[in-house]
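Here's a sequence, model it:
(chains A and B)
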Number of protein chains: 2
Amino acid sequence: MPSTPPAQPGQSFAEIDTPALLLDLDAFERNLVAMAAFSEAHGIRLRPHAKTHKSPEIALRQIAHGAVGQCCQKVSEAEILVAGGVGDVLVTNEIASPAKLDRLAILARSAKIGLCVDHADGVREAAAAAARHDVVLDVMVEIDVGGRRCGVAPGEGAVRLAEAIARSNTLRFAGLQAYHGAAQHMRSIDERSEAIERAGLAARNTAERLAQAGLECPVISGAGTGTYELEAQSGIWNELQCGSYIFMDADYARNRQADGSPFRSFEHALFILAGVMSKPVPDRAIVDAGHKTASVDSGMPVPFQREGAIYTKPSDEHGVLTGDPVALPHRGDRVLLIPGHCDPTVNLHDWYVCVRGLHGPDAHVEAVWPVAARGALT
Amino acid sequence: MPSTPPAQPGQSFAEIDTPALLLDLDAFERNLVAMAAFSEAHGIRLRPHAKTHKSPEIALRQIAHGAVGQCCQKVSEAEILVAGGVGDVLVTNEIASPAKLDRLAILARSAKIGLCVDHADGVREAAAAAARHDVVLDVMVEIDVGGRRCGVAPGEGAVRLAEAIARSNTLRFAGLQAYHGAAQHMRSIDERSEAIERAGLAARNTAERLAQAGLECPVISGAGTGTYELEAQSGIWNELQCGSYIFMDADYARNRQADGSPFRSFEHALFILAGVMSKPVPDRAIVDAGHKTASVDSGMPVPFQREGAIYTKPSDEHGVLTGDPVALPHRGDRVLLIPGHCDPTVNLHDWYVCVRGLHGPDAHVEAVWPVAARGALT
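From the prediction side, this is the model:
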């Protein structure tokens, strides 16, 4: 297995092998501080999503900045986070597998562990797994607030699931999972506002029905980097699950604020460093970063500070830079690309090459962090 | 790092954890035999592309069936293939990095190693690296036969590069790399035929000019799974570089033959086994396989033998099955998905779960192979 990182701490920027996943430590740290300040100013808990970074190194820094714990999507991610020192992990996902639930229950011996349900069988199976391993699991009821993915309909169905959870000796009803994934990448603030307003009404209505049924709903959790200000201002949610804010990918940069200006709360902190392996004609430079280096599910990577150059036509291990010949690099040059979508791009790499002073003359590698939960699919 | 495979040899199909990358050994072996028979019948060398499988286990099986060696795209892939016992590797790509060329030259101490060039600096740098490590490298001149990616223009430019290679004491001119990547997924046989006919004229013209310059061109290499029959019938190419034929993904299955019928030379042998984690409404089942499990750059994964069900709206760790409610699985069920594009999908996984009798009642795990060169990007 390829275990050699593309760089070592202390090396200069020029010594980094390509392609590499680069973390601009300065921008990353400013993003950490900015979201921590927002969360504190709004009196709202922050539980960042580890599916973005897959790294206990980053999780522990978020927690040091005030985050209450981490979210993740898979049991194997939770295992790696707990092994890396994270003490509070919520799997923001349904688990329909007794074998996986066993692993999650074992994890609950050494950390506070939660999961989501949207079906009575999920409650029953989680309770049985917790009983087998003599632990208590936190269980959130996921309601579909508009994303049309997982989640029970808001209202009575959610109350019945919460009641089933509350009746179990081995489960604790931890609240509502109310995440609107589809709203995150709506481009205009009007679209996002409308989606989150509807989601908030659904969550509040469900919480009121829970209260009528005598069930306390300690947490309403949700929000992503595209909408977190709306959830925070709603007075309904009390926990944010943003993940991408630490990196800011090209797709989130396409979101627009009320005045039509770009969404600029956070800085681009994650890059692909690519090398130019060929420049057969003046208007085409070929880089060593294709589908196996940068995901394209949310659009192409974007060349950084190279106006007029366009990344296009990726194949497995090639990308084509085209556009204005003056903007194109030469054979042997290196270029920075902003990933189209950070989460699946990170998942293609084994290492973060953490660079200090990335855009200055003394850029150097300060650390190399493993993407510890890369490929943690189960 | 996640090192636990989703299954163990001897387990039944039902015991495989999800999501998992499944190799149908029976179909895979038939594909191996079919391409070996084609290659033998046409008297043409087969050098399959390891960027598809990234596995010495598979490479050695291809070689046992008559393949002359392997292609790959990256130096780190070549390192893993050689470490796994492959004795002849061609990097079908340009390398514009002295550090990478050093690694490749070191590899040439224990295996026959080739690379491509499309620039005089590439010749000079490869010669210097080979000299530093006291080895001889095979060098192919890549010509652009229509793919508009890397490659020098056919004709005089290629001859000049070949002459520079031939003048070097540490390089051997190994032939022409003439691969038309863009032709592989042209849907109609007419489009593919026209593209490969033009590519063949360019390759033949260049070979004739090489002969006029007194240079023997031992190999003209190229072709992929979408066009290999055309190159084999041309009388111009004498080496095929097909990779995907062993797996057959959903995108190649969309190619059409002369009579308009699907392209059916090979069987689907690679699958994603996904679990249904949620079925909130009758026409929507959510599986645990999203962008981090199956690439979507060449279209969505396709549910296998589940007519009426459509995989759609993938997010990082979720996929939505929708369509005819009768065709949809239930919570806790497992479904087979045909990957949209096999190469980048394989690169998301650490393990092949190799199943014998996949579609029968006695389906069981015969072996688990590491995707040894997964993430080999440099």
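
From here on, just use CA atoms for contacts and neighbour counts.
Will do.

So which residues of chain A form helices?
The residue ranges that make up the helices of chain A, judged by DSSP state H, are A:25-41, A:56-64, A:75-83, A:98-107, A:120-132, A:156-167, A:189-212, A:228-234, A:342-346.

what's the most buried one of those?
Scoring these by mean neighbour count under mean count of other Cα atoms under 10 Å in any protein chain shown gives helix A:342-346 as the most buried, with a mean of 27.

Make JSON lines from the helices of chain A and add mean pLDDT to it.
Supplementary listing: these in JSON lines, determined by pLDDT from 0 to 100:
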{"stretch": "helix A:25-41", "mean pLDDT": "98"}
{"stretch": "helix A:56-64", "mean pLDDT": "98"}
{"stretch": "helix A:75-83", "mean pLDDT": "98"}
{"stretch": "helix A:98-107", "mean pLDDT": "98"}
{"stretch": "helix A:120-132", "mean pLDDT": "98"}
{"stretch": "helix A:156-167", "mean pLDDT": "98"}
{"stretch": "helix A:189-212", "mean pLDDT": "98"}
{"stretch": "helix A:228-234", "mean pLDDT": "97"}
{"stretch": "helix A:342-346", "mean pLDDT": "98"}
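
Tell me which of the ones you listed lies nearest to B:P9.
Of all the helices of chain A, it is helix A:98-107 that lies closest to B:P9, at 17.7 Å by Cα to Cα.

Compute the distance from the centre of that closest one to the centre of its chain.
Taking the mean of its C-alpha atoms, helix A:98-107 sits 23 Å from the chain's own mean (Cα atoms, centre = their mean, to the nearest Å).

Stretch A:267-279 now?
21 Å.

Need the CA coordinates for that stretch. PDB is fine.
Output for stretch A:267-279, consisting of C-alpha atoms alone and laid out as PDB, is shown next (Å, rounded to 0.1, in the frame of the first residue of the first chain):
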ATOM      1  CA  GLU A 267     -11.200  31.100   3.100                       C
ATOM      2  CA  HIS A 268     -10.100  28.400   0.700                       C
ATOM      3  CA  ALA A 269      -7.700  26.400   2.900                       C
ATOM      4  CA  LEU A 270      -7.600  23.100   0.900                       C
ATOM      5  CA  PHE A 271      -5.800  22.700  -2.400                       C
ATOM      6  CA  ILE A 272      -4.500  20.100  -4.800                       C
ATOM      7  CA  LEU A 273      -1.000  20.700  -5.700                       C
ATOM      8  CA  ALA A 274      -0.600  19.400  -9.300                       C
ATOM      9  CA  GLY A 275       2.400  19.200 -11.500                       C
ATOM     10  CA  VAL A 276       2.400  20.000 -15.300                       C
ATOM     11  CA  MET A 277       3.600  16.800 -17.000                       C
ATOM     12  CA  SER A 278       3.100  18.000 -20.600                       C
ATOM     13  CA  LYS A 279       2.300  21.100 -22.600                       C
END
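
pLDDT on that stretch, on average?
For stretch A:267-279, the per-residue pLDDT values average out at 98.

any idea what sits nearest the residue nearest the centre of chain A, other than its immediate chain neighbours?
With distances taken as Cα atoms, centre = their mean, chain A has A:T52 as the residue nearest its mean C-alpha position (2.9 Å). Across the structure, with Cα to Cα, 6 or more residues apart in numbering or on different chains as the measure, the residue nearest A:T52 apart from its sequence neighbours is A:D343 (4.4 Å).

give the contact list for that neighbour.
A:D343 makes contacts with A:K51, A:T52, A:H53, A:S244, B:D316, as judged by Cα atoms under 8 Å, 6 or more residues apart in numbering or on different chains.

hmm, 7 Å instead?
The contact partners of A:D343, taken as Cα atoms under 7 Å, 6 or more residues apart in numbering or on different chains, are A:K51, A:T52, A:H53.

Residues in a beta bridge with A:L115, which ones?
Assessed by DSSP bridges, A:L115 has beta-bridge partners A:V139.

wait, A:V368
For A:V368, the residues forming beta bridges with it (DSSP bridges) are A:V353.

wait, doesn't it sit right on A:Q11?
No - under the criterion of Cα atoms under 7 Å, A:V368 makes no contact with A:Q11, lying 10.7 Å away.

Compare these two and say which one has the larger neighbour count.
When A:V368 and A:Q11 are compared for neighbours, A:V368 comes out ahead with 18 against 15, by other Cα atoms under 10 Å in any protein chain shown.

tell me the contacts of the more buried one?
The neighbours of A:V368, taking Cα under 7 Å, 6+ apart as the test, are A:Q8, A:P9, A:W351, A:Y352, A:V353, A:C354.

Count the neighbours of the residue nearest to A:A67 when sequence neighbours are not counted for me.
Distances taken as Cα to Cα, 6+ apart put A:L46 closest to A:A67, at 4.9 Å, once the chain neighbours are dropped. Counted by other Cα under 10 Å, the residues lying close to A:L46 total 28.

same question, the one 5 residues further on
Residues lying near A:K51 (other Cα under 10 Å) number 26.

Cross-check the contact I'm expecting between it and A:Q73.
Yes - in this structure A:K51 lies within contact range of A:Q73 using Cα under 7 Å: 6.5 Å.

What strands line up against whichever strand in chain A runs longest, and which way round?
The residue-count maximum for a strand in chain A (DSSP state E) belongs to strand A:270-281. Sheet pairing for strand A:270-281, assigned by DSSP bridges, gives strand A:20-24 (antiparallel), strand A:284-287 (antiparallel), strand A:334-338 (antiparallel).

can you count the residues close to A:S12?
The number of residues near A:S12, taken as other Cα under 10 Å, comes to 17.

try A:W369
Burial of A:W369, expressed as a neighbour count using other Cα under 10 Å, amounts to 16.

how does chain A divide into domains?
Domain assignment for chain A by automatic domain parsing gives A:13-21+A:264-370, A:26-251.

Can you measure across the shortest one, start residue to end residue?
Distance across domain A:13-21+A:264-370, first residue to last, is 19 Å (Cα to Cα, to the nearest Å).

Report pLDDT for the closest residue to A:V219 other than its chain neighbours.
With Cα to Cα, 6+ apart as the criterion, A:V219 has its nearest non-adjacent residue at 4.6 Å, and that residue is A:G175. Per-residue confidence at A:G175 stands at 98 (pLDDT).
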